[in-house]
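>>> Dropping a prediction and its sequence here:
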Amino acid sequence: MNNNEPISVGGRIKKLREEKGESQEKLGEAVGLSQNSISKLEKGETNLTLENLCNMAEHFNVSHDYICTGKNSDSILMLLEKYISLDYSELSEGEEIHLKYPVIRIRKYFFDYLMRKATAQKDKYLPNDVKEMWIEKETKSFYEQDKNDSLTESTSIVPIPPQLIYPDDSKSGWKQSDLLRELNKLLMNNTDNEQGE
């Protein structure tokens, strides 16, 4: 842990609040507590409830771990980027046409966890308590693999908008390059629209 990190939960809340330039009253309004409650939390006179912990983590955009232990001070966004990234791949057709399309890279063990969790949730025939046990087992397995952090293999996915997947007469003779061309058009249109706003 960084030597400059406060060692108490209250100290970390105070540090986050001051870094954001908020008064105790403003923080209280944001997380649904009184100024007096914030003051007591910062002094260590009261403990955080689970609900207040979630509200604080969301408000300050930090992990629950950071507030509780001072470890893992990454923002939620940085934590997500540990598992998921987006790159552009390029395909050339002749000298004139260069198509770009997005490729999502996702840690394989995270992808596998999401797939197994989705499978459990979608199963119509399993009782809810069995689903919960299955998901709990998968979650535990994911954290074990993440702790070891030895598996850095990634899975690559090209996200395709639904309108390019559903077949119709105009798409019956499409090849992969046709699909990527249409994907490229959609991306360029979205980029132009965002820049115009």
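Ah, there it is. Numbers count the residues shown, from 1 in each chain.
>>> Ranking helices and strands of the chain by mean pLDDT, which lands last?
helix 176-196 (a mean of 69; mean pLDDT, DSSP states H and E).
>>> Kindly provide the distance from the most centrally placed residue in the chain to residue 86.
In the chain, the residue lying closest to the centroid (CA atoms, centre = their mean) is residue 80, at 4.0 Å. Residue 80 sits 11 Å away from residue 86, taking CB to CB, to the nearest Å as the criterion. The C-beta positions use only the backbone N, C-alpha and C, and glycine is treated the same way.
>>> so what's in contact with the two at the same time?
When CB atoms under 8 Å, 6 or more residues apart in numbering defines a contact, no residue borders residue 80 and residue 86 alike.
>>> rewinding a little: and the pLDDT for the residue nearest to the centre of the chain?
If you check residue 80, the pLDDT there is 76.
>>> before we move on, what about residue 40?
Residue 40 is given a pLDDT of 94.
>>> again with the one 5 residues further on
Among the per-residue scores, residue 45 shows a pLDDT of 93.
>>> Please enumerate the strands of this structure.
84-93, 97-107, 154-157 (DSSP state E).
>>> Same question for the shortest one: list its buried residues.
I take that to be strand 154-157. residue 154 (16 or more other CB atoms under 10 Å).
>>> Fine, thanks again, bye for now.
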